[in-house]
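1. what shape does this take:
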Amino acid sequence: MATATKSSSGSLRTYLITRLLLVIPMVWILVTLVFFVLRVVGDPIQSAFGGRLSPADIAVRRHAAGLDKPLLSQYWHYLVGVTHGDFGTSLTDNTRISHILIVNGAATLELTFWAVLVAIAVGVPLGRVAARYRDRLPDVGLRLFAVLAYAVPVFFLGLLLKLLFATNLTWFYASGRASPNVEIAINNVAPNTHIYIINAIQYGNVSDIWDVLRHTVLPAITLGMLVAGVFLRLVRVNLLQTMRADYVEAARARGVPERRVIRKHAFRNALIPVVTVMGLQVATLLGGAVLTETTFEWQGLGYKIAYYLSRQDYVAVQGIVAAVAVIVALTSFLIDVAAAVIDPRVRY
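-> Modelled structure (predicted):
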């Protein structure tokens, strides 16, 4: 028994170390791709200021940004900066990318958190219902819903929700993270987390908390529905597989009611793959956040990427995208750790 426990512990440790070591080349490849792809677009200074500054001024700015050095020298300098958490400075407004990651990254983190809650609240129970009524009308309808939820364009769903619930019914707000007066008030709390719901709770005014939530509902639903269909189908498939397992059949043979068999014996084990897939969906959510944040003027990282793209500030875009790539890689690693701890079968 002790030997088996030690072997299992060693296997888990080996798996985690291996996954951690794989993060390093993954991050390096992503950062390298972002750097060279944006360099192929053209000279960042010329793209941002061409036609507005004289050639002499552009040359001065290129020298100040280090863009007059050889490409490999720029690449090495950028890699060194990334390892120290320095993703550069935007050209058009001279804002440190690290500052954008803190302020606007908090907004994206808040939106992603609510979107995951929406996806779980919608996808997991509906997947359970679909599995229980396999190949019957509820199952067919829910599978169709899952396909539509994943396929509908994010901006289109966002516009529909804004038209119905913000413009016509006026239940929720159509844009922003909070009303202007609320935003000023909750941003003056200490410490300022830049996560509005936490700031509003710290501020302690119920009406401000409600205001923040009313601004959050529509963007969270829009982004959450992007992966709710994935969760629905995943839970359905895994629950159907689990319900054919020997221990489930044994429970049925003992006369355990079907509802209890699903709830107590099959459902929990069917959720294990959802944890792993949840990490894979982080990239999907961050990608969908660009359109969602632009649609609702939610000033997160996606909104800033769209903003700097419109101004052709490729240095800022490079820094934000590279940082997001690092976040996705680290999140994937953390999800793998959680999956390995939950499910002993996840090993190399």
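2. give me the mean pLDDT for the longest helix along the chain.
-> Of all the segments assigned as helix in the chain under DSSP state H, the longest by residue count is helix 2-41. With pLDDT averaged residue by residue, helix 2-41 scores 73.
3. check stretch 56-71 too.
-> When pLDDT is averaged over stretch 56-71, the result is 78.
4. what's the first helix or strand after the longest helix of the chain?
-> helix 44-49 (DSSP states H and E).
5. which strands and helices lie in contact with that next one?
-> Counting contacts by 3 or more C-beta pairs under 8 Å, 6 or more residues apart in numbering; DSSP states H and E, helix 44-49 packs against helix 55-64, helix 314-342. All C-beta spots, glycine's among them, are computed from the backbone N, C-alpha and C.
6. in the last one, what's buried?
-> What it means is helix 314-342. Using 16 or more other C-beta atoms under 10 Å as the burial criterion, the residues of helix 314-342 that qualify are 314-329, 331-333, 335-337, 339-340.
7. quick check: domain ranges of this structure?
-> 9-92+312-348, 105-310 (automatic domain parsing).
8. poorly predicted segments of the stretch 201-348 of the chain, please.
-> Across the stretch 201-348 of the chain, residues meeting the criterion (pLDDT under 70) sit at 245-249, 251-252, 254-256, 258-259, 261-273, 275-276, 278-280, 282-283, 339, 342-348.
9. how about the helices in it?
-> Counting by DSSP state H, counting those that start in this stretch, the stretch 201-348 of the chain has these helices, from start to end: 206-242, 246-253, 258-260, 267-270, 272-296, 301-310, 314-342.
10. reformat these as JSON lines; add distance to residue 54.
-> Below are those laid out as JSON lines (distance: least, C-beta to C-beta, whole Å):
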{"stretch": "helix 206-242", "distance to residue 54": "43"}
{"stretch": "helix 246-253", "distance to residue 54": "75"}
{"stretch": "helix 258-260", "distance to residue 54": "76"}
{"stretch": "helix 267-270", "distance to residue 54": "65"}
{"stretch": "helix 272-296", "distance to residue 54": "33"}
{"stretch": "helix 301-310", "distance to residue 54": "23"}
{"stretch": "helix 314-342", "distance to residue 54": "20"}
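11. nearest to residue 187, of those helices?
-> If you check each of those against residue 187 by C-beta to C-beta, helix 206-242 wins as the nearest, at 11.1 Å.
12. for that closest one, packing partners?
-> Using 3+ C-beta pairs under 8 Å, 6+ apart as the contact test, the elements touching helix 206-242 are helix 97-132, helix 137-151, helix 154-161, helix 180-186, helix 196-203, helix 267-270, helix 272-296.
13. helices or strands next to the longest one in the packing?
-> Think helix 97-132. Taking 3+ C-beta pairs under 8 Å, 6+ apart as the contact definition, the neighbouring helices and strands of helix 97-132 are helix 137-151, helix 196-203, helix 206-242, helix 272-296, helix 301-310, helix 314-342.
14. thinking again about what came up before, deepest in the core, which of the helices of the stretch 201-348 of the chain is it.
-> Mean neighbours per residue, mean count of other C-beta atoms under 10 Å, is largest over these for helix 206-242, with a mean of 22.
15. so it versus helix 97-132, what angle?
-> Interaxial angle, helix 206-242 versus helix 97-132 (axes from the mean of the first three to the mean of the last three C-alpha atoms, to 10 degrees): 50 degrees.
16. from the chain's centroid, how far away is helix 206-242?
-> Per C-alpha atoms, centre = their mean, to the nearest Å, the displacement of helix 206-242 from the mean C-alpha position of its chain is 12 Å.
17. quick revisit: any chance of the helices and strands packed on helix 206-242 in TSV with distance to residue 209 as columns?
-> Below are the helices and strands packed on helix 206-242 laid out as TSV (distance: least, C-beta to C-beta, whole Å):
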stretch	distance to residue 209
helix 97-132	13
helix 137-151	29
helix 154-161	21
helix 180-186	9
helix 196-203	5
helix 267-270	33
helix 272-296	19
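18. closest one to residue 53 among those?
-> Distances from residue 53 to each of the helices and strands packed on helix 206-242 were compared using C-beta to C-beta; the shortest belongs to helix 97-132, at 22.3 Å.
19. how far does the closest one sit from its chain's centre?
-> Per C-alpha atoms, centre = their mean, the centroid offset for helix 97-132 relative to its chain is 7 Å.
20. start the count at 352, not 1, going forward
-> Okay, residue one is now 352; in that scheme the one you just asked about reads as helix 448-483.
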